[in-house]
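Engineer: requesting a structural model of the entry that follows:
(one chain, ligands or ions: 2)
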Amino acid sequence: MPTKGKIEIQVELCKSCGYCLKHCPQGCIRLAARYNQKGYYPAEFSGGECTGCALCAVVCPETAIEVWRA
Ligand code: SF4
Ligand code: SF4
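Structural biologist: Numbering: from 1, shown residues only. Ligands and ions are numbered 1, 2, ... in the order given. Now for the predicted structure:
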């Protein structure tokens, strides 16, 4: 079975740079429609098959993403 992953994004740390969504090979991340307290539209999980590769977490300059693998 392929590895499955799960991510958690701390929306208040996100500055909407978009790196995580550009780098996710599975297209699992998008920007939310609601802005956070700093006025940025934060990244959110949009569905799909997260593999737990952690690329999103590695490229995030704000270390706003945590990844778990199962
Ligand atoms: S862990 Fe990998 S597959 Fe999952 S959301 Fe992040 S970049 Fe995408
Ligand atoms: S890489 Fe980090 S700061 Fe940039 S949009 Fe994704 S979660 Fe937000």
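
Engineer: three-state assignment of residue 57?
Structural biologist: Following DSSP: H, G, I helix; E, B strand; the rest coil, residue 57 is assigned to helix.

Engineer: next one: phi and psi at the closest residue to it other than its chain neighbours?
Structural biologist: Distances taken as C-beta to C-beta, 6 or more residues apart in numbering place residue 65 nearest to residue 57, at 4.2 Å, with adjacent residues excluded. Backbone N, C-alpha and C define where each C-beta goes, glycine included. Backbone torsions of residue 65, given as degrees, to the nearest 10, read phi -120, psi 130.

Engineer: if residue 65 is in a bridge, with which residues?
Structural biologist: On the basis of DSSP bridges, residue 65 is bridged to residue 9.

Engineer: tell me if residue 15 really is in a strand.
Structural biologist: No. Applying three-state DSSP, one finds residue 15 to be coil, outside a strand.

Engineer: so what's it up against?
Structural biologist: Taking C-beta atoms under 8 Å, 6 or more residues apart in numbering, we find residue 15 in contact with 38, 40, 61-62.

Engineer: got the contact list for stretch 49-65?
Structural biologist: Residues outside stretch 49-65 that contact it (C-beta under 8 Å, 6+ apart) are 2-11, 13-15, 17, 19-21, 23-26, 28-29, 42-43, 66-70.

Engineer: sweet, I'm off.
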